[in-house]
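J.: fold the stuff below for me.
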Amino acid sequence: MTKSQKTEWLLSTLLIPLFFFALYESIKNLDLFGNRDPAPLQTLSSILLLTALAAFIINYVIKVITAFISKRYSKKVLLIWCLGPVVITIGTLLLINGAFSFNADFVFLNIFSIIGVLLMIGVYNVFYFYYWGEHKGIWISQFIYNICAIALAMTEWAPHFIHNFYLALLLPAIAVGYIEFYLKKKKEP
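T.: Model (predicted):
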């Protein structure tokens, strides 16, 4: 594994507890009326989360730039690495109301939302498959990623928001995927 991959794995693993810590502190110190100052631990947890997220994004950009310079990966992989986050962001913003986003007057347009949600699931899977480059599919963790996203959507009775569960599980899946990636690399001669 390269230094960038080790850093990416460390940051993706670190982001998970930092997210829950910041979420816990925000809920614990919830102030509906805005008449008290934020708690120091709440501020610290938010700063730590945003710092780790910024470091992850910077490392990802460096990974993509380095890949362009070294020409180690195919154009398809580089294109997916560049456009994947953009398509995921735009798709998430467009489908913010889920698969049934239109009201009763425009219910016939829900077919476009349903197709969009299914396309986003495909985008997440393609991005995840090529996250480690070409011919390095991380099959076990990708299977776990899909099963967990589907199971969460079904247990929450929200299959029309399944693309959001894929988004929520992307970083944990990357962290788990790096373990599988490391084990695969260790077996290679």
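J.: apart from its neighbours in sequence, what residue is nearest the one residue sitting closest to the centre of the chain?
T.: Computing the C-alpha centroid of the chain and ranking residues by C-alpha atoms, centre = their mean puts residue 170 first, at 3.1 Å. Of all residues not flanking residue 170 in the chain, residue 124 sits nearest, at 6.7 Å (C-beta to C-beta, 6 or more residues apart in numbering). From N, CA and C alone the C-beta is placed, and that goes for glycine too.
J.: ok, the one you found touching residue 165?
T.: No - at 9.8 Å, residue 124 does not count as touching residue 165 under the criterion of C-beta atoms under 8 Å.
J.: so between those two, which is more surrounded?
T.: Counted by other C-beta atoms under 10 Å, residue 124 and residue 165 do not tie: residue 124 has more neighbours, with 26 against 22.
J.: which residues does residue 21 contact?
T.: Applying C-beta atoms under 8 Å, 6 or more residues apart in numbering to residue 21 gives the contacts 45, 48-49.
J.: mind checking the SS state of it?
T.: Put simply, residue 21 is helix when judged by DSSP: H, G, I helix; E, B strand; the rest coil.
J.: returning to what we had before: buried subset of the contacts of residue 21 as a ChimeraX selection?
T.: In ChimeraX, a selection of the buried entries from those looks like this (16 or more other C-beta atoms under 10 Å):
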select :45,48,49
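J.: all set, thanks.
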